[in-house]
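Q: here is a sequence with its predicted model. Questions after.
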Amino acid sequence: MPVMQSFRPIITGFLLALCIAAPSLSFAAEIKTDPALRQLYLTQLQRKTPDPALETRITAERARVKREALAELKTIVDSTSDEAGDKNPQTIASSTALQKESALVDVLKARRQETKVDFDLLGEDVNAVDQTIAGAKGVALDGAVRRKADILARKASLGEYLSATDDVLAQEQDRLQRLVLQERYANFAGVLQVAVYVGILLLIVVAERFVRRRLIVRIRDRNRRYFAVKIFTGSVYVLVIGWLLYRLSGDYPGFVTSFAIVGAGIAVALQSIIKDVVGWIIIVQKHLFRIGQRVTIGPHTGDVADISLLRTTLVEVHNSANPDVARAGQTLYLPNALVLEGPVLNFHATSDFVEGEISVTVTYSSDWKQAEGILREILKEEVGRYVERARAQHHLRTAHFFASQEPPEPRVFTDIAADGILFTLRFQIPIGSKRSIISAISQKILERFAAASPKIDLAYKTVTVME
């Protein structure tokens with residue numbers, strides 16, 4: 001037992017070496033020694049002087065062995081190409097063809113390595129036999145010569161097989177490189193095709209906006225212009241979506257099914273983000289508002305400072321019952337999805353002006369016609385210059401949708417009230433300037449009424465106590 005324990009490491013190492021060398025030995029057994037080549041080497045070794053004719057025959061025999069090796073390797077390569085389904089290296093390779101070609105190159109490299117190891121070992125055997133021949137005589141010498149001839153023949157066969165493997169491996173490595181480049185080109189072509197689709201869509205959007213803003217806007221009738229814009233825009237985008245689906249389904253047969261499955265999963269996982277993106281598209285396409293405009297989105301009112309893909313930034317203002325709204329200074333970030341869920345009020349939709357109103361009541365004893373004339377003069381002086389600007393903006397901004405009225409001239413309405421003659425003043429003023437302009441008009445009314453002859457008195461509620 002102690003002896004067995006001492007030899008156990010040696011036995012284990014021998015078995016491990018045998019397992020490692022087994023593939024090489026089995027592979028070497030596949031390459032058989034050519035009998036004709038062995039006989040030629042034996043004849044050469046038995047001659048005392050070199051024979052050129054014999055060298056020529058050995059060279060020809062080795063060439064035949066190489067041709068047979070090339071035919072064997074060609075059979076392996078052809079079977080692999082048939083399985084990959086891609087015999088033409090000029091065609092764009094599929095992932096399966098590329099993987100199988102890569103596996104074939106790895107197999108050829110492994111075979112070459114095994115053959116090279118066996119070839120080097122046979123070289124060492126030749127040296128060992130040469131030493132045996134140097135000290136052998138008689139029958140031992142004859143056996144050593146035959147042994148050397150056999151080794152030389154096997155070494156020549158392995159050498160030709162190694163040369164054939166190198167030739168085939170070089171061809172397959174070149175083909176593998178072409179397949180890799182073709183796959184990269186295919187990937188790049190896919191990206192390029194997507195870029196082409198995106199570019200076409202952008203050109204269509206630019207052309208649609210050009211026609212809508214430069215040509216259709218020339219239609220004078222508001223109703224016809226409104227319906228022309230709607231029909232033209234809807235038709236363009238329906239045709240674009242139909243064409244895009246047709247092309248993608250033709251180029252990628254499984255696109256519709258894959259898009260439906262993947263799109264459903266994405267829509268569920270990114271529902272809020274998708275809503276924000278759709279809201280942004282609505283804002284941009286429908287021109288709900290632009291930078292610098294004052295809007296009300298849900299309960300929030302402010303001046304638009306930025307419009308991004310997911311958020312709209314407002315400089316918040318106080319919206320109260322006061323005659324005007326003033327900036328509060330806070331910055332408010334609203335998700336674009338809010339424009340899909342509630343009303344959106346744009347103060348600048350038709351123009352940068354809003355209608356203001358002042359109520360003035362004079363006593364019945366005052367000259368109401370003189371008071372009306374004074375009020376009209378004051379409105380003309382203070383806000384008359386805003387009418388044409390408001391109308392020009394109104395015509396420009398309502399060119400793409402129906403608007404039945406345009407900003408009127410400053411007006412003074414007369415009514416009979418319980419306390420006196422009630423005048424209602426209505427006029428156009430810039431958004432954000434309502435408080436200051438109404439203050440200036442009120443001051444002039446007080447000054448002109450006080451300076452009028454006879455004096456115009458403002459009416460107010462009175463209480464009479466009866467005894």
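A: Sure thing, it's come through.
Q: kindly report the domain assignment for this protein.
A: 1-27, 31-192, 270-346, 353-451 (automatic domain parsing).
Q: pLDDT below threshold where in the stretch 151-300 of the chain?
A: Along the stretch 151-300 of the chain, segments meeting pLDDT under 70 span 254-256, 259-260.
Q: in it, which spans are helices?
A: 222-251, 255-269, 271-286 (DSSP state H, counting those that start in this stretch).
Q: give me the contacts around the shortest one.
A: Judged by Cβ atoms under 8 Å, 6 or more residues apart in numbering, the contacts made with helix 255-269 from elsewhere in the structure are Leu245, Leu248, Ser249, Tyr252, Ile274. In this view, the C-beta of every residue, glycine as well, is placed from N, C-alpha and C.
Q: kindly provide the distance from the third one to Tyr364.
A: As judged by Cβ to Cβ, to the nearest Å, Ser249 and Tyr364 stand 81 Å apart.
Q: do the same with the fourth one
A: Look at Tyr252 and Tyr364: by Cβ to Cβ, they are 84 Å apart.
Q: part of a strand, is Leu334?
A: Yes. Assessed with DSSP: H, G, I helix; E, B strand; the rest coil, Leu334 lies in a strand.
Q: redo the contacts of helix 255-269 as TSV? Include distance to Ala170.
A: Shown next, in TSV, are these (distance: Cβ to Cβ, whole Å):
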residue	distance to Ala170
Leu245	47
Leu248	41
Ser249	43
Tyr252	37
Ile274	53
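Q: derive a ChimeraX selection command for the buried subset of those residues.
A: Entered in ChimeraX, the line below selects the buried ones among these, by 16 or more other Cβ atoms under 10 Å:
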select :248
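Q: got the residue ranges for the helices in the stretch 301-450 of the chain?
A: Going by DSSP H, counting those that start in this stretch, the stretch 301-450 of the chain shows helices at 338-341, 368-383, 386-397, 434-451.
Q: tell me which of those sits most buried.
A: Of those, the one with the most neighbours on average (mean count of other Cβ atoms under 10 Å) is helix 368-383, at a mean of 18.
Q: put together JSON lines for the domains of the chain, with distance to Leu458 on each row.
A: Compiled in JSON lines, the domains of the chain are given as follows (distance: least, Cβ to Cβ, whole Å):
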{"stretch": "domain 1-27", "distance to Leu458": "115"}
{"stretch": "domain 31-192", "distance to Leu458": "76"}
{"stretch": "domain 270-346", "distance to Leu458": "19"}
{"stretch": "domain 353-451", "distance to Leu458": "6"}
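Q: between these, which one is nearest to Ile231?
A: domain 353-451 (12.4 Å; Cβ to Cβ).
Q: show me where pLDDT drops low in the stretch 301-450 of the chain?
A: In the stretch 301-450 of the chain (pLDDT under 70), the answer is 318-329, 400-404.
Q: if you could redo that for the stretch 1-150 of the chain, that was the one I meant.
A: Looking at the stretch 1-150 of the chain by pLDDT under 70, you get 1-32, 80-95.
Q: please redo it, this time with the cut-off set to 80
A: 1-34, 41, 45-50, 76-98, 129-142 (pLDDT under 80).
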